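Visitor: Provided below for reference: sequence and predicted model.
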Amino acid sequence: GNSVTQMEGPVTLSEEAFLTINCTYTATGYPSLFWYVQYPGEGLQLLLKATKADDKGSNKGFEATYRKETTSFHLEKGSVQVSDSAVYFCALSVNNAGNMLTFGGGTRLMVKP
Amino acid sequence: NAGVTQTPKFRILKIGQSMTLQCTQDMNHNYMYWYRQDPGMGLKLIYYSVGAGITDKGEVPNGYNVSRSTTEDFPLRLELAAPSQTSVYFCASGEEVTGELFFGEGSRLTVL
């Protein structure tokens, strides 16, 4: 079956620090990969995505590269801000009817000023 | 800019009670989903729909029912509430081409 594994949080960083949140996956077929972010009191929203191997998704200073050889999609940001404090979810979708997503457990990021 | 709207935001139920979580979207998406989020467990798919009149089970459908009579609405029904259904429930809708899902703000349900 399909599964996504993320590093457990919380991750606590000082402002302007470098961020990495690890994500690895197992999937039948060739998945599309996503990072969603959930700010306090809100629903999830798409942060970035990649649909094939070696693609790099990027948005708001965040990046993730689809690595087929290591089945990974790690999220990175060079300089985090307090406003980046949120829960981050890695997810995958395999070509299926309904575009269903399989989510990781989420990683809480706390950025201190 | 309503997007996906869920009601209620919070609800406390007694064991054995029934309730319906409402979900409506105004983006004309064919795909709609119900997920539950348990602490540290990510989101698990309960039911989904690929269009009006069509629904199917996800990973954890037991204890729930859904209907999809219109494109806009996708209510989730709990018939006999159990403590194991204490969770945060998210409704989402999606585009067929991009695969992106749009989520509501969530409904926190506690069963005592």
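Guide: Everything's here; your move.

Visitor: which residue does chain B have closest to chain A?
Guide: Here the residue of chain B nearest chain A is B:Phe103; by C-beta to the nearest C-beta that distance is 3.4 Å. For every residue, glycine as well, the C-beta is placed using N, CA and C.

Visitor: so for that residue, what's the pLDDT?
Guide: Listed pLDDT for B:Phe103 reads 93.

Visitor: ok, it touching B:Cys91?
Guide: Yes. Using C-beta atoms under 8 Å as the test, B:Phe103 is close enough to B:Cys91 to be in contact (7.3 Å).

Visitor: looking at those two, which one has more neighbours?
Guide: More crowded of B:Phe103 and B:Cys91, by other C-beta atoms under 10 Å in any protein chain shown: B:Cys91, with 28 against 23.

Visitor: for the more buried one, which non-adjacent residue is spatially closest?
Guide: B:Cys23 (3.5 Å; C-beta to C-beta, 6 or more residues apart in numbering or on different chains).

Visitor: quick check: the one you found is in a strand.
Guide: Yes. Under DSSP: H, G, I helix; E, B strand; the rest coil, B:Cys23 falls within a strand.

Visitor: any part of stretch B:75-83 near chain A?
Guide: No. Counting by C-beta under 8 Å from any C-beta of the partner chain, chain A has no neighbours in stretch B:75-83; the shortest distance is 15.1 Å.

Visitor: thank you, goodbye.
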